[in-house]
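Asks: Quick one, structure for this:
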Amino acid sequence: MGAAESDASEPEGGPGRGPGGADGHGPRRVPDGSGPGQGQLGALIELLLDDSRQVRTAVREELAARGDAGRRALEAAAAGAEPRVRARARQLLAEWTREGGFVELSALVRRPAIDLEEGLGVIDRLLGFGHESTGPALDALAEKLRASLGEEAAFADAGRALARLLGAEEGFRGTSQDYHLVDRVSLARTVETRQGLPLTLSAVYAGVARRVGVEAGLLPFPGHVLVAIGHGPGRVVLDPFASGDEVSREACERRLAELGAPPSPRWLLPATDRDMVVRQIRNLVSAMERHDRIGDARRLRLLLDAAIR
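Replies: Numbering: from 1, shown residues only. Down below sits the predicted model:
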């Protein structure tokens, strides 16, 4: 998941092609960047068609060395007319995005504090999901919430208005179908599809509430994150996975008993954003393992080891 779809297969050989260049006389020479910029970039893009993995690896390294210019050339090729070039350019862009996401996430988890939305955005970049529209989409939902609230709305009123907006009107909810898809971990995909894991949906609720100055925190319930609006006697606990249903303290305690979780006040206290980002990375590891992305899952486990030291 998260990699760009190919629109053509990539055989190692093809009609009229030898194991190296188009004339079958060995790998073609990769331009070293010493010539004119655009001409060199065009030559590199053409070499994406070479059937030699050695040549394509050299092309990847040379394009990466060109920085933004190399990426722009790849993006243009990914939108071009030649199917095999388009497919290989998209594949290479997806690999770059994934690698950049791992580097960014590795730095993020070493920080003592992480903003929830920022952390989930980094996960989206690692997965290759477009995240640029997520913030504006949450901004628009927040404006709708603001319009429905009075000047001094009580926590209970704000919580119910939030649940009405996101659950009843906008259709954010959980689903048991394809529960373990990587899409359900992604904040961008959850905002787009209105379906996600309990934690991802709770992040949507918290993001919208916080934008209008309403206190919101995620409760680290075992197996099923909830969101708390406000604090003290007026606090409201919502279950975004159940379309924003309100959950009483007694219902919370019953859930914990059913799960066999030891009684502890920590289940009813908001977790830090950093803890929730780390938990979401664990969710991503689980999703990847279920879909045989073992190498990526192993790398994320190493990041988690660094995060909890």
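Asks: Could you measure from the residue nearest the centre of the chain over to residue 97?
Replies: In the chain, the centroid-proximal residue (C-alpha atoms, centre = their mean) is residue 124; its distance is 2.0 Å. Separation of residue 124 from residue 97 (C-beta to C-beta, to the nearest Å): 10 Å. Where C-beta positions appear, they are placed from N, C-alpha and C, glycine not excepted.
Asks: Quick one: mean pLDDT for the longest helix anywhere in the chain?
Replies: Using DSSP state H, we find that the single longest helix of the chain is helix 83-108. On average, the pLDDT along helix 83-108 is 85.
Asks: That helix: which residues count as buried?
Replies: 84-94, 96-98, 101-102, 105-106, 108 (16 or more other C-beta atoms under 10 Å).
Asks: low pLDDT regions in the stretch 1-150 of the chain?
Replies: Within the stretch 1-150 of the chain, the segments meeting pLDDT under 70 span 1-38, 131.
Asks: Could you say which helix or strand holds residue 218?
Replies: Using DSSP states H and E, residue 218 falls within strand 216-219.
Asks: ok, that strand: who's next to it in the sheet?
Replies: Within its sheet, and counting by DSSP bridges, strand 216-219 is paired with strand 226-229 (antiparallel).
Asks: Just the C-alphas of the helix or strand where residue 69 lies, formatted as CSV.
Replies: When secondary structure is defined by DSSP H and E, residue 69 falls within helix 68-78. This file holds the C-alpha atoms of helix 68-78, laid out as CSV (Å, rounded to 0.1, in the frame of the first residue of the first chain):
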residue,chain,number,x,y,z
ASP,A,68,14.7,19.1,-6.9
ALA,A,69,15.5,19.1,-10.6
GLY,A,70,15.8,15.3,-10.6
ARG,A,71,12.4,15.0,-8.8
ARG,A,72,10.7,17.4,-11.2
ALA,A,73,12.0,15.4,-14.1
LEU,A,74,10.7,12.2,-12.6
GLU,A,75,7.3,13.8,-11.9
ALA,A,76,7.1,14.9,-15.5
ALA,A,77,8.0,11.4,-16.7
ALA,A,78,5.4,9.9,-14.3
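Asks: Measure how far it is from the centre of its chain, please.
Replies: 22 Å (C-alpha atoms, centre = their mean, to the nearest Å).
Asks: so what does it touch, helix or strand wise?
Replies: helix 37-46, helix 53-65, helix 83-108 (3 or more C-beta pairs under 8 Å, 6 or more residues apart in numbering; DSSP states H and E).
Asks: doesn't residue 190 make contact with residue 204?
Replies: Yes - assessed by C-beta atoms under 8 Å, residue 204 is found in contact with residue 190 at 6.3 Å.
Asks: To what extent is residue 231 buried, counted in neighbours?
Replies: 12 (other C-beta atoms under 10 Å).
Asks: Quick check: phi and psi at it.
Replies: Main-chain dihedrals, residue 231, degrees, to the nearest 10: phi -150, psi 170.
Asks: Next: residue 237.
Replies: The phi/psi pair for residue 237 (degrees, to the nearest 10) is phi -110, psi 130.
Asks: Got the phi and psi for residue 236?
Replies: The phi/psi pair for residue 236 (degrees, to the nearest 10) is phi -120, psi 130.
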